[in-house]
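J.: Next one to model:
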Amino acid sequence: MDDSFYQKNLENSQNPTLQFVELNKCGLGKNSSKEMYRKRADILMSEFSGAVALETRNRVLNHSLNCWSNVCAVWNACLESEPSAFRYSSCDTCEQRVSHVHSLGVNHKILARKKFGALEEALEYHQRLYKVKCQQDQCPGSCIVDLVVDLHIFIELDIHPELTCKASLRCKLRDFPTNLNFDGVSYRLAGVIERIPGHYVAYTRRTNGQWQEASNIKEKIVPSHGGHEIEPHGVIYAMKT
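T.: Here you go, the predicted structure:
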């Protein structure tokens with residue numbers, strides 16, 4: 001990991017998925033690949049327990065796990081305790097409440113018209129909202145709602161230029177803004193997730209600006225480049241120092 005600020009925060013996280021990332025970065029010693037796959041399976045089993053199937057192959061009982069889902073749902077499940085933002089709702093009638101915002105949405109019309117370079121403009125993000133109806137049952141009050149962004153931000157993407165268009169909007173990796181600003185806090189472009197038939201592909205942008213591709217149909221992480229064209233379903237930004 002080449003981001004020392006994010007790394008430091010990762011070391012203090014209690015989230016199982018982020019702990020797995022930290023452990024994998026440090027290495028697991030002998031038989032590390034086997035141990036890595038076992039730990040990854042344990043995490044996914046805990047989040048997708050209803051998707052476990054049993055199958056006998058060559059007289060051996062195998063457990064298979066179907067985690068196929070919307071990438072946003074996977075992110076929400078695995079990083080439930082490490083959301084993109086916290087929503088603080090202060091009601092004038094009842095109590096203050098805190099809830100997790102796992103991902104940020106976008107205005108599809110803006111992106112369809114201006115493309116992904118306008119991502120910051122298209123974000124559905126408001127630092128403070130006034131007179132929001134209280135969500136508590138039978139509470140007649142209104143709230144002041146503050147949104148506080150966290151260490152990393154996941155933005156869900158699956159942009160269709162028209163409602164009748166089946167294909168999602170495509171772009172090149174370099175089309176994404178390298179930085180986003182949230183109320184004076186800067187976030188760097190850390191990764192993009194692409195959906196292709198049957199699976200997802202992850203593209204990591206290193207702090208030196210170089211891209212890498214990780215896919216389950218390739219044995220190793222391979223270099224990529226900003227001119228590579230994809231169909232993005234999500235983008236990740238990480239807080240800068």
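J.: quick one: Gly209 is in a strand?
T.: No: with DSSP: H, G, I helix; E, B strand; the rest coil as the criterion, Gly209 is located in coil rather than a strand.
J.: so who does it touch?
T.: Residues in contact with Gly209 (C-beta atoms under 8 Å, 6 or more residues apart in numbering) are Thr178. Placement of C-beta: from N, CA and C, glycine included.
J.: From Leu157, how far off is it?
T.: The spacing between Gly209 and Leu157, counted by C-beta to C-beta, to the nearest Å, is 21 Å.
J.: same thing with Ile196?
T.: Distance from Ile196 to Leu157, counting by C-beta to C-beta: 14 Å.
J.: more neighbours, those two?
T.: In terms of neighbours (other C-beta atoms under 10 Å), Leu157 is the more surrounded of Ile196 and Leu157; the figures are 28 against 12.
J.: which non-adjacent residue is nearest that one?
T.: Excluding its sequence neighbours, the residue lying closest to Leu157 (C-beta to C-beta, 6 or more residues apart in numbering) is Pro232, at 4.9 Å.
J.: mind listing what the one you found touches?
T.: Phe116, Leu157, Ser168, Cys171, Phe176, Val192, Ile193, Glu194.
J.: again, only using 10 Å
T.: 71, 116, 155, 157-159, 168-171, 173, 175-176, 192-195, 203 (C-beta atoms under 10 Å, 6 or more residues apart in numbering).
J.: Endpoint to endpoint, stretch 87-104 covers what distance?
T.: End-to-end span of stretch 87-104 (C-alpha to C-alpha, to the nearest Å): 12 Å.
J.: oh sorry, the question was meant for stretch 24-36
T.: Length of stretch 24-36, first residue to last, C-alpha to C-alpha: 7 Å.
J.: again, but for stretch 79-95
T.: 26 Å.
J.: Show me which residues of it are buried.
T.: Leu79, Glu82, Pro83, Ser84, Ala85, Arg87, Tyr88, Ser89, Ser90, Cys91 (16 or more other C-beta atoms under 10 Å).
J.: And these, which two are furthest apart?
T.: Spatial extent of the buried residues of stretch 79-95 (C-beta to C-beta) is set by the pair Leu79 and Cys91 at 27.5 Å.
J.: Show me how this structure divides into domains.
T.: 1-67, 70-239 (automatic domain parsing).
J.: longest helix of this structure?
T.: In the chain, with assignment by DSSP state H, the single longest helix is helix 32-47.
J.: From the chain's centroid, how far away is that helix?
T.: 19 Å (C-alpha atoms, centre = their mean, to the nearest Å).
J.: Show me what counts as buried in that helix.
T.: Lys39, Ile43, Leu44, Glu47.
J.: With pLDDT and distance to Ile236 added, can I get those residues in a markdown table?
T.: As requested, those are exported to a markdown table (pLDDT from 0 to 100; distance: C-beta to C-beta, whole Å):
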| residue | pLDDT | distance to Ile236 |
| --- | --- | --- |
| Lys39 | 81 | 22 |
| Ile43 | 82 | 18 |
| Leu44 | 78 | 19 |
| Glu47 | 78 | 18 |
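J.: May I see these organised as CSV, with distance to His108 added?
T.: Shown next, in CSV, are the buried residues of helix 32-47 (distance: C-beta to C-beta, whole Å):
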residue, distance to His108
Lys39, 37
Ile43, 32
Leu44, 30
Glu47, 28
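J.: what two of those residues are the furthest from one another?
T.: Lys39 and Glu47 (13.4 Å).
J.: Give me the common contacts of these two.
T.: Residues touching both Lys39 and Glu47 (C-beta under 10 Å, 6+ apart): Pro16.
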